[in-house]
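1. test case, fold it:
(one chain, ligands or ions: 1)
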Amino acid sequence: MLELIQMEMTPKERLAAYARGEEVDRIPTTLSAGETGCLHLLGIPICDYYFSADIMVRIESFLADSTGADNLGMGLGLRTVPEALGCKLAYPETSVSYVEEPALKSLDEVEGRPHVDVRKDGRLPIIIEAFQRLQDKYGDVRTMGSGLAGPFTTAATLYGVERFLKATRKDPEGVHRLMQYATDCVVECCRDLHEILGIGFSLSEPVASKDLVSKRQFNEFFVPYLRQCVERMSEFQNVPSLHICGHTNDRWSEVVECGISGFWVDNCESLCDLKNAHGSSIGISGNVAPVDVLRNGTQEAIAASVRDCIEQAADNPRGFTLCPGCTTPVGTSLDNMIAFMNAAATYGRGARKGCMPQGLQSA
Ligand SMILES: [Zn+2]
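-> Down below sits the predicted model:
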């Protein structure tokens, strides 16, 4: 097994100092792993993860201790809130959960529908317990956080993605009612969990990609609700950041104008272009290819890709976080995750917001 390069700062010290504009030992680096990242390494079926606070704590601890990545905390992912609102999920042994039956059969069912009760609904009580235990274990050295589907992807999941996209043409008013409902549920869920756990949330919107929705659909049904989400969430937590999978470059301006604090782009997009267009307004995260490089690549290929990402965006005026272009894929080896972290430690050494790290010169 590869040996992990040990860092001087704790993740908590690193992130706080980097945010203040001070030099840190290594560029902030995250591995969005959780249920996809390392269950196979510990011989745990993926389906067991979802229902056990013990396993969640074990996995997060394993990732924290063996990779040193700066993030800590279970993601709510794309389906936790939809499940809490009535979607029926399937839980296979060797792959992540998926929606078996959407919560809504008709858009009329939105009217008067209850919102999320984080103390009772779906898997949220298990996740709360796991967060509390992680807080006890790592609270002094790590900052915890989580992420979840934003309103657009939540709405699409509640009604079924295909039917949702069709309805944007056939029943735009119904879709707006559903979007408002999904926005309320997402914001309130984050607010209530923040109240209990003190953590902040980022948003993921895979359904808002250029690969799935036109610019017209995006402007009418996505933008107003993302803006609302950002405004309302910023009242109780840090201004949220956003991830969208796939192609997004025709809608960067709209996304940035919604007021997000940072944008995590897919590896099919250019970090350098994003920096040049919007680096004075937002933090940037990305974007080593998750499957081709992080999971399937050699250690040399991983190091080359990490170096390339850092060269493209580490001098972003509002900061840069190195990470894969999407979730760490199921089946990624621990050696590959360590190779990724070690390349970050090497090329990203001596990092400061707005500057290229010293590690690029000496490496
Ligand atoms: Zn993604």
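2. what residues does this protein have near the ion?
-> 245, 326 (Cβ under 5 Å from the ion). (C-beta placed from N, C-alpha, C; glycine too.)
3. strands of the chain, start to end?
-> Counting by DSSP state E, the chain has strands at residues 24-26, 88-90, 98-101, 145-149, 200-204, 242-244, 262-265, 283-288, 320-324, 349-351.
4. between these, which gets nearest to Leu124?
-> strand 145-149 (10.8 Å; Cβ to Cβ).
5. which strands and helices sit next to that closest one?
-> With contacts taken as 3 or more Cβ pairs under 8 Å, 6 or more residues apart in numbering; DSSP states H and E, strand 145-149 sits against helix 80-84, helix 172-197, strand 200-204.
6. any idea how far the residue nearest to Gln217 when sequence neighbours are not counted lies from Met179?
-> Closest residue in space to Gln217, ignoring its immediate chain neighbours: Thr168 at 5.1 Å, by Cβ to Cβ, 6 or more residues apart in numbering. Distance from Thr168 to Met179, counting by Cβ to Cβ, to the nearest Å: 10 Å.
7. what number of residues lie near the residue of the stretch 151-300 of the chain found nearest the ion?
-> The nearest approach of the stretch 151-300 of the chain to the ion comes at Cys245, 3.1 Å away (Cβ to the ion). Around Cys245 there are 22 other residues, counting by other Cβ atoms under 10 Å.
8. ranges for the helices of the stretch 1-150 of the chain?
-> For the stretch 1-150 of the chain, the helices defined by DSSP state H, counting those that start in this stretch occupy 11-19, 39-42, 46-49, 53-67, 80-84, 124-138.
9. so which of the ones you listed is nearest Glu109?
-> helix 80-84 (13.7 Å).
10. other SSEs contacting that closest one?
-> Using 3+ Cβ pairs under 8 Å, 6+ apart: helix 80-84 touches helix 124-138, strand 145-149, helix 151-159, helix 172-197.
11. any common contacting residues for Thr168 and Met179?
-> Counting by Cβ atoms under 8 Å, 6 or more residues apart in numbering, the residues touching both Thr168 and Met179 are Phe221.
12. out of those two, which sits in the more crowded spot?
-> Met179 (24 against 21).
13. how many residues are close by Tyr91?
-> Counted with other Cβ under 10 Å, Tyr91 comes out at 16.
14. equivalent analysis for Gly68, please.
-> 22.
15. what of Met341?
-> 26.
16. give the contact list for the residue lying closest to it once chain neighbours are set aside.
-> Nearest residue to Met341 in three dimensions, chain neighbours excluded: Thr67, at 5.2 Å (Cβ to Cβ, 6+ apart). By Cβ under 8 Å, 6+ apart, the contact set of Thr67 is 4, 31, 334, 337-338, 341.
17. among these, list the two that are farthest apart in space.
-> Leu4 and Leu31 (12.3 Å).
18. for Pro30, give me its contacts.
-> Not Pro; residue 30 is Thr. 69-71, 285, 321-323.
19. ok, now Val256?
-> 263, 278, 281-282.
20. restricted to helices, list those residues.
-> His278 (DSSP state H).
21. show me just the buried residues among the contacts of Val256.
-> 263, 278, 281-282 (16 or more other Cβ atoms under 10 Å).
22. check the gap between Ala313 and the ion for me.
-> Look at Ala313 and the ion: by Cβ to the ion, to the nearest Å, they are 17 Å apart.
23. what's the closest non-adjacent residue to the spatially most central residue of the chain?
-> Centre of the chain computed as the mean C-alpha position; nearest residue by Cα atoms, centre = their mean is Gly147, 5.1 Å away. Closest residue to Gly147 apart from its sequence neighbours, by Cβ to Cβ, 6+ apart: Ser202 at 4.3 Å.
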